[in-house]
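> Need coordinates for the following:
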Amino acid sequence: MAGDKVQKQFQVINNTLEQLERQILKYKYMLDDKKIDKRHVNEFEERKKKYVTELNNIVQEKKEMENKLQVENERERRQMDEDIEKLRSQLAQAKDEVIKIKAEKLKFENEIKEQIEMYKKDKELVEKSIDKLGKQLTEIKHDREKLKNNVETKGIEIEEQTKEAKEKYDKEKEFGLEELNNKSTQTLSEIK
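As a prediction, the model looks like this:
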């Protein structure tokens with residue numbers, strides 16, 4: 001923008017200089033023809049010098065502005081390069097973070113899957129143990145029932161055997177007493 005302004009000023013002064021040079025030439029011809037005073041020519045020469053000086057100043061200003069613009073552009077370009085490099089670095093860090101997060105997520109998911117598998121296995125083992133304990137409990141109940149029945153049966157058998165033994169004992173006792181009585185009677189009879 002500033003460069004355009006300087007360029008326009010430069011163009012205006014160039015045009016003015018060209019006009020002045022044409023006028024100077026015109027006046028020189030007129031001077032040669034003795035139609036104009038030399039003082040006017042000198043006046044135009046002074047104006048020309050003034051405009052040339054102005055033009056040189058504008059050219060110098062233009063160069064300075066171009067240098068400033070170049071320095072500014074270079075500084076902005078370096079700044080943009082630095083910003084781009086920072087953004088690339090941040091992008092690389094963000095990608096690394098995403099990779100780390102994905103790895104942690106995958107690890108976490110795998111741990112959860114492993115825990116679920118372990119839970120399922122533990123659950124199966126517990127269910128099998130419960131089934132086994134249920135079967136053992138059923139067997140124990142059956143064994144207890146059998147034992148109870150056996151005890152009752154043995155109790156009845158023992159009662160019957162005791163009863164039979166008592167009856168047998170009573171019979172033997174009675175028979176033994178009878179026999180003893182008979183023997184005593186026989187012995188007494190013999191004694192008499």
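> alpha carbons only for contacts and neighbour counts from here, please
Will do.
> show me where this structure has helices.
Taking DSSP state H, the helices of the chain run over residues 2-32, 38-191.
> Adding mean pLDDT and mean neighbour count, write those out as a markdown table.
Shown next, in a markdown table, are the helices of the chain (pLDDT from 0 to 100; neighbours: other C-alpha atoms under 10 Å):
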| stretch | mean pLDDT | mean neighbour count |
| --- | --- | --- |
| helix 2-32 | 74 | 15 |
| helix 38-191 | 86 | 13 |
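> From residue 124, how far off is residue 107?
From residue 107 across to residue 124, the span is 25 Å (C-alpha to C-alpha, to the nearest Å).
> Residue 155 too?
For residue 155, the distance to residue 124 - C-alpha to C-alpha - is 45 Å.
> now residue 28
Applying C-alpha to C-alpha, the value for residue 28 to residue 124 is 121 Å.
> before we move on, what about residue 168?
According to C-alpha to C-alpha, residue 168 stands 63 Å off from residue 124.
> Could you do residue 4 as well?
Relative to residue 124, residue 4 is positioned 86 Å away (C-alpha to C-alpha).
> and what of residue 99?
Counting by C-alpha to C-alpha - residue 99 and residue 124 are separated by 37 Å.
> I am finished for the moment; much appreciated.
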